[in-house]
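**Q** just the structure for this:
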Amino acid sequence: MRLVLPLLLTASICSFPSRSAAQDVHVRVAHGVKTGIEGTTEFPTIQMAMDHHPFAGKNGRVYIEIEPGIYHERVIITQNHPNITFVGKGKKPDDVVITNSMNAKQAGGTFFTETVRVDAPGFEADNLTFENTAGNTGQAVAIAVRSDRAVFKHCRILGHQDTLFADYGRQYYLDTYIEGTVDFIFGNAQAVFDHSELHELSPGYLTAQSRTSADQTTGYVIVNSRVTADEAGLSGHYFFLGRPWRPYSRVVYLNTELPATIAPQGWNNWNKTSNEKTAFYAEYGNTGPGAATSERPSWTHQLTAAQAKQFEPRNFLRGRDHWNPIAEAARLP
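**A** A predicted model of the protein is given here:
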């Protein structure tokens, strides 16, 4: 059982080691709140909290502390709201759910369907669920993340097709559950999924990474994780580890458990042989019945231990500012 700290409703001095002098702001969201005007620290909806919260001091962070409940709303974190942390105050991620139901046909395109959109740097989320309930109706995004130095810890991200649009910046997903079917993790972020579960609902493609040139540092790394599948939904069919949405797509699986329901070839070229010359798909140290590599295409890669090291979270996400995503995630509740 995780320790739930007393709720703080006013600005406070943060005690985290690396931000000891930073002035943080703590804001409460709960259905029963009747206020919600600018300058307060209690709001009935998450979007109202985003629109009217007090701003933190220099290098500070705004903690949006969300009481248990189902929040039927769309939430947008705009670029002028950096260093926002969503904290679910329940005992488990299921207790706080941000949900909506919008598919591409209804919205006028995939990129208008997201339940939550994050455009600001330094976004963090802990112990809550992001959900799009449109189901098997085409593209329907649960969360779109265009945030550098983003961290998701103890979260659930639920949808069907195009569940997570991980599209820009360095992103770290720890102990997080993500489910979907066709291309359900897609975009051009530099993202690591660590000690997480990626769950395939029906025949499809787990990733559709979209790196556009060989010199880009972007790509997806799935490390120390578990890929699972809904065998009833698959009905005896296979799914693939990924396919290249853009020619230089890059995806790496390290030390991850793979199920028997993965297609023996593992990867798909999106019906373009030219993609085989540019995409970088690699594996190292994986386990489980789906980890056999004898039928993997010759254009994919089996890494050595030395080659795999560059894709470990601290190395892959370090960047010029030497960001440490593991340390950052450890500061979350």
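**Q** helices and strands around the longest strand seen in the chain, which ones?
**A** Ranked by number of residues, the top strand in the chain under DSSP state E is strand 197-209. If you count contacts as 3 or more C-beta pairs under 8 Å, 6 or more residues apart in numbering; DSSP states H and E, strand 197-209 packs onto strand 177-187, strand 219-223, strand 226-229, helix 231-234, strand 240-242, strand 250-254. (Glycine included, C-beta is placed from N, CA and C.)
**Q** export only the CA atoms of the first one, formatted as PDB.
**A** Put plainly, it is strand 177-187. What follows is the C-alpha trace of strand 177-187 in PDB, where atoms were taken according to Å, rounded to 0.1, in the frame of the first residue of the first chain:
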ATOM      1  CA  TYR A 177       0.100   0.200 -18.200                       C
ATOM      2  CA  ILE A 178      -0.800   1.000 -21.800                       C
ATOM      3  CA  GLU A 179      -3.300  -0.800 -24.000                       C
ATOM      4  CA  GLY A 180      -4.600  -0.600 -27.500                       C
ATOM      5  CA  THR A 181      -4.500  -2.300 -30.900                       C
ATOM      6  CA  VAL A 182      -3.400  -0.600 -34.100                       C
ATOM      7  CA  ASP A 183      -0.300   1.700 -33.700                       C
ATOM      8  CA  PHE A 184      -1.300   2.300 -30.100                       C
ATOM      9  CA  ILE A 185       2.000   4.000 -29.300                       C
ATOM     10  CA  PHE A 186       2.900   6.400 -32.100                       C
ATOM     11  CA  GLY A 187       4.700   9.600 -32.900                       C
END
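**Q** what does whichever helix or strand comes after it contact?
**A** Tracing the chain past strand 177-187, the next element assigned as helix or strand by DSSP states H and E is strand 190-194. Residues external to strand 190-194 that are found in contact with it (C-beta atoms under 8 Å, 6 or more residues apart in numbering): 166, 169-176, 178, 185, 217-225, 313, 316-317, 325.
**Q** from the chain's centroid, how far away is strand 190-194?
**A** Its chain's C-alpha centre and that of strand 190-194 lie 8 Å apart, by C-alpha atoms, centre = their mean, to the nearest Å.
**Q** run me through the strand neighbours of it, direction for each.
**A** strand 170-174 (parallel), strand 219-223 (parallel) (DSSP bridges).
**Q** would CSV of those strands with distance to residue 65, mean neighbour count and mean pLDDT be doable?
**A** Below are those laid out as CSV (distance: least, C-beta to C-beta, whole Å; neighbours: other C-beta atoms under 10 Å; pLDDT from 0 to 100):
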stretch, distance to residue 65, mean neighbour count, mean pLDDT
strand 170-174, 20, 26, 99
strand 219-223, 30, 26, 98
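**Q** nearest to residue 270, out of the ones you listed?
**A** Of all these, strand 219-223 sits nearest to residue 270, with 15.7 Å by C-beta to C-beta.
**Q** could you dump that closest one to PDB, C-alpha only?
**A** Provided in PDB are the C-alpha atoms of strand 219-223 (Å, rounded to 0.1, in the frame of the first residue of the first chain):
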ATOM      1  CA  GLY A 219      12.800   6.600 -30.900                       C
ATOM      2  CA  TYR A 220      11.100   4.300 -28.500                       C
ATOM      3  CA  VAL A 221      12.800   2.000 -26.100                       C
ATOM      4  CA  ILE A 222      10.900  -0.700 -24.200                       C
ATOM      5  CA  VAL A 223      13.100  -2.000 -21.400                       C
END
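**Q** format the strands paired with strand 190-194 as JSON lines; extra columns: distance to residue 230.
**A** Shown next, in JSON lines, are the strands paired with strand 190-194 (distance: least, C-beta to C-beta, whole Å):
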{"stretch": "strand 170-174", "distance to residue 230": "20"}
{"stretch": "strand 219-223", "distance to residue 230": "18"}
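**Q** who wins for proximity to residue 146 among those?
**A** strand 170-174 (9.5 Å).
**Q** C-alpha coordinates for the closest one, PDB please?
**A** Extracted C-alpha coordinates of strand 170-174, given in PDB (Å, rounded to 0.1, in the frame of the first residue of the first chain):
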ATOM      1  CA  ARG A 170      12.100  13.200 -24.000                       C
ATOM      2  CA  GLN A 171       9.500  11.100 -22.200                       C
ATOM      3  CA  TYR A 172       9.900   8.500 -19.400                       C
ATOM      4  CA  TYR A 173       7.100   6.000 -18.600                       C
ATOM      5  CA  LEU A 174       7.700   3.900 -15.400                       C
END
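**Q** so how far is that strand off the chain centroid?
**A** 7 Å.
**Q** residues contacting that strand, please?
**A** With C-beta under 8 Å, 6+ apart as the test, strand 170-174 has contacts from 145, 147-155, 189-196, 313, 317, 319, 323, 325-326, 328-329.
**Q** got any ranges where the stretch 1-150 of the chain has weak pLDDT?
**A** Where the stretch 1-150 of the chain drops to pLDDT under 70, the residues are 1-22.
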